[in-house]
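S.K.: How does the following fold in three dimensions:
(chains A, B, C and D)
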Number of protein chains: 2
Amino acid sequence: MSLRHALLAVLSADPMTGYDLVKYFDGTVAFVWSAPHSQVYPELRRMEQAGLIEATTVPRGERATKREYSLTREGERELHRWASEVHPPPPLRNVDRLKAAHFEWGTYESIKRQLREHLNHWSAQRRQWRQLVGDLESGEVPLLRRRLERLPPEQHEAVVAFRAFAFQGQIARADAEIAWAKRGLALVEQLEASGATIAGELAEAQPADGARAQRTGVAGATA
Amino acid sequence: MSLRHALLAVLSADPMTGYDLVKYFDGTVAFVWSAPHSQVYPELRRMEQAGLIEATTVPRGERATKREYSLTREGERELHRWASEVHPPPPLRNVDRLKAAHFEWGTYESIKRQLREHLNHWSAQRRQWRQLVGDLESGEVPLLRRRLERLPPEQHEAVVAFRAFAFQGQIARADAEIAWAKRGLALVEQLEASGATIAGELAEAQPADGARAQRTGVAGATA
DNA sequence: GTAGTCATGTAAGAGGTTACATGATTAG
DNA sequence: CTAATCATGTAACCTCTTACATGACTAC
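M.R.: Residues are numbered from 1 along each chain as shown, chains lettered A, B, ... in the order given. Predicted coordinates:
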C-alpha cells in the first residue's frame, strides 16, 4: 500500500486537507505517484482510524468546515519503517513492450503512430521532470520549502539531494524510452524500405480473404 | 485489459492449454507481462464466451481431459485492432522513486541496502533479457519458432526484429535503473563522508526523544 | 506407493478507475 | 447572480494478489 506512504510523505511537509493532497497527486507528486480523490479521501479516513494521522476541523467561511490532517508520532514511525525496509520488486507489466513484441499484428503506419506518441509522451515527461529538478535545486518548490522549515539546516542538503535523485531516475527512464522509440522508428523504416511484409499490413489490405489465404498457406506448409 | 491481449498473442503462436499459458506467464512472457493461474483460467473462459478463442477437449491418459485453446478469426481481428490502436499512457506509479524521494526518513545503511537490491535486481533482469534477445535472434525460442512456422518466410524478419526490439527496450530500462542505483550509492557515500545528517539516522539513534527534540527544535525555529 | 508434475478451478480482499453526487465559498 | 473553485464523499466495477482446494497422471 504505497498510496498510504505517499500521503504520509506529503503530510510530513505540512498539515493539509484531503483537497490539498488531491491537488498534489494531480500535480508534482503525480510525477511519481498518482491517485484520484475517490481513493484519497477514504484512505485518509482509514489512516486516521489507524492512528497514523489526526484531523482538526477548521472552519471556512460562515457555515462550512474542512478537515486538516497532520502526522502523528505513529505516522512518523510508519514513515521511518517504510523508508528503511527493502520491498520485493513489483511484477513486471509493461503494455508498451508487450505490444511492441507483437507489432507484427499492426501496420507500419499504426506502429509509427504509436512510437511517435511514445516519443512525445516521454519527451514531455522529461521536460517536466527536468524543470522540477531545477526548481528543487533552486528552492522554488513550496512543498519542499515547507518540509525544510521543519528541519535543522544540517539536514537540508540531504533532503534536497534525495528529492532531486528520485526525479533524475525518472529522467533517466525517459531518456531510455525516448531512445527506444527512436530506434523503433528507424527499425520500421528499415523494414519498410527493405520490402519486408507483416501480417497486419496484409490483413489491412484484404480484410477477409487475406487472413484466410494466410491461414491456408500455413496449413499447407504444416501438412 | 492487457492480460487478454497477452494471452491472445501467445496463442497466436500455437494452440495450447491454460496450464501451458500459465507456464509462459511465469517464464519468458513474464519478462514483459506476468499473471498467476488464478487470473489466467477465468480469463480464458471469458475470452471463450466472447468468441475470441475456442477450446477443444483433448484426452490425456485414461480418464482425464484438458482444454486446448486456439485463436478464432474474431480473436485475430482483436489482436489486429489492439496492435494498431494508440493507448493512453498508464498513470505513473513507481514505488522505488517515491521512496527515494523520501530517503531522508531512512538510515544510510538501509538506503544503501535498498539501492544494492535495486542494482542486483535489475542486473539479473538485464542478464535474462540479454540472453533472451540472443536466443530470439539465433532461433532458439520455441514459441517464436512455432509462430514463424505459421507465416511465410518474407514475414520472418520483421517478427523476429519486433520481438528483439521489445526486449531491447527492457534492457535499456535496466541500464537506466542500474546507473541510477549506482549514482544513488555514490550520493549516499558522499553525504555520509561530508557529515550530513538525516532524520532517519537521528530517529534510529534516539527512538523516542530524538523525534521530540527535533520537533520542538522546529517549533522554536518557526516561532 | 509416493512424490512431482499436469491440470483446473474458487473465493476473499486489496488497490485502482470511472461515474455519480452534493453543497459551500469566492471572484467577477 | 453565476461560474469557478473548494471540499468531500459514495458506488459499481475491474484487475490483481493470496490462499484454499482438488484430482489425475507419470516416473521411480
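S.K.: and the residue lying closest to A:W33 once chain neighbours are set aside, what element?
M.R.: With Cβ to Cβ, 6 or more residues apart in numbering or on different chains as the criterion, A:W33 has its nearest non-adjacent residue at 4.5 Å, and that residue is A:A6. Glycine gets a C-beta too; all of them are placed from N, C-alpha and C. Under the criterion of DSSP states H and E, A:A6 resides in helix A:2-11.
S.K.: when you scan that helix, is anything in it near DNA strand C?
M.R.: Yes. Legend: contact between helix A:2-11 and DNA strand C by Cβ under 7 Å from any atom of the strand is shown at A:2-3.
S.K.: chain center to that helix, what's the gap?
M.R.: 15 Å (Cα atoms, centre = their mean, to the nearest Å).
S.K.: For that helix, name the packing helices and strands.
M.R.: helix A:18-26, helix A:37-49, strand A:53-59, strand A:65-71, helix A:73-84, helix B:95-100 (3 or more Cβ pairs under 8 Å, 6 or more residues apart in numbering or on different chains; DSSP states H and E).
S.K.: most tightly surrounded among the ones you listed?
M.R.: Among those, the stretch with the highest mean neighbour count (mean count of other Cβ atoms under 10 Å in any protein chain shown) is helix B:95-100, at a mean of 23.
S.K.: Next secondary structure element downstream of it?
M.R.: Downstream of helix B:95-100, the next assigned helix or strand under DSSP H and E is helix B:108-137.
S.K.: Tell me which other helices or strands that following helix touches.
M.R.: The contact analysis (3+ Cβ pairs under 8 Å, 6+ apart) places helix B:108-137 against helix B:156-193.
S.K.: Only the buried residues of the very next helix or strand once past the helix it packs on, if you could.
M.R.: Under the assignment DSSP H and E, the closest C-terminal helix or strand after helix B:156-193 is helix B:199-205. Residues B:199-204 are the ones in helix B:199-205 that count as buried (16 or more other Cβ atoms under 10 Å in any protein chain shown).
S.K.: residues in contact with helix B:199-205?
M.R.: Outside helix B:199-205, the residues that touch it by Cβ atoms under 8 Å, 6 or more residues apart in numbering or on different chains are A:76, A:80, A:83-84, A:151, A:155, B:103-108, B:110, B:210-211, B:214.
S.K.: how far out from the middle of the chain is it?
M.R.: How far helix B:199-205 lies from its chain's middle: 34 Å, per Cα atoms, centre = their mean.
S.K.: middle-most residue in chain A, spatially?
M.R.: Nearest to the geometric centre of chain A sits A:V32, at 4.9 Å (Cα atoms, centre = their mean).
S.K.: Relative to chain B, how far out is it?
M.R.: The gap separating A:V32 from chain B is 4 Å, by Cβ to the nearest Cβ, to the nearest Å.
S.K.: wait, isn't that residue in contact with B:D96?
M.R.: No. Counting by Cβ atoms under 8 Å, A:V32 stays clear of B:D96, with 9.0 Å between them.
S.K.: which bits of chain A sit near DNA strand C?
M.R.: So chain A meets DNA strand C at A:1-3, A:34-36, A:38-39, A:60-64 (Cβ under 7 Å from any atom of the strand).
S.K.: and with 6 Å instead?
M.R.: Applying Cβ under 6 Å from any atom of the strand, one finds that chain A approaches DNA strand C through A:1, A:3, A:35-36, A:38-39, A:60-64.
S.K.: buried subset of those?
M.R.: A:3, A:35.
S.K.: Now chain A against DNA strand D: closest residue?
M.R.: When scored by Cβ to the nearest atom of the strand, chain A has A:S38 as its residue closest to DNA strand D, at 3.0 Å.
S.K.: And the pLDDT for that residue?
M.R.: According to the per-residue confidence, A:S38 scores 97 in pLDDT.
S.K.: who touches it in this structure?
M.R.: Applying Cβ under 8 Å, 6+ apart, we find A:S38 in contact with no residue.
S.K.: what pLDDT does A:T222 get?
M.R.: So, for A:T222, pLDDT stands at 33.
S.K.: Then A:A196?
M.R.: pLDDT, A:A196: 85.
S.K.: Assess the claim that it and B:Q155 are in contact.
M.R.: Yes. Using Cβ under 8 Å, A:A196 makes contact with B:Q155 at a distance of 7.3 Å.
S.K.: check contacts around the closest residue to A:W180 other than its chain neighbours.
M.R.: Closest residue to A:W180 apart from its sequence neighbours, by Cβ to Cβ, 6+ apart: B:G169 at 4.4 Å. By Cβ under 8 Å, 6+ apart, B:G169 lies in contact with A:96-97, A:100, A:176-177, A:180.
S.K.: and the nearest residue to A:H121 once chain neighbours are set aside, how many neighbours?
M.R.: Excluding the flanking residues, the one nearest A:H121 by Cβ to Cβ, 6+ apart is B:P89, at 5.1 Å. Counted by other Cβ atoms under 10 Å in any protein chain shown, the residues lying close to B:P89 total 14.
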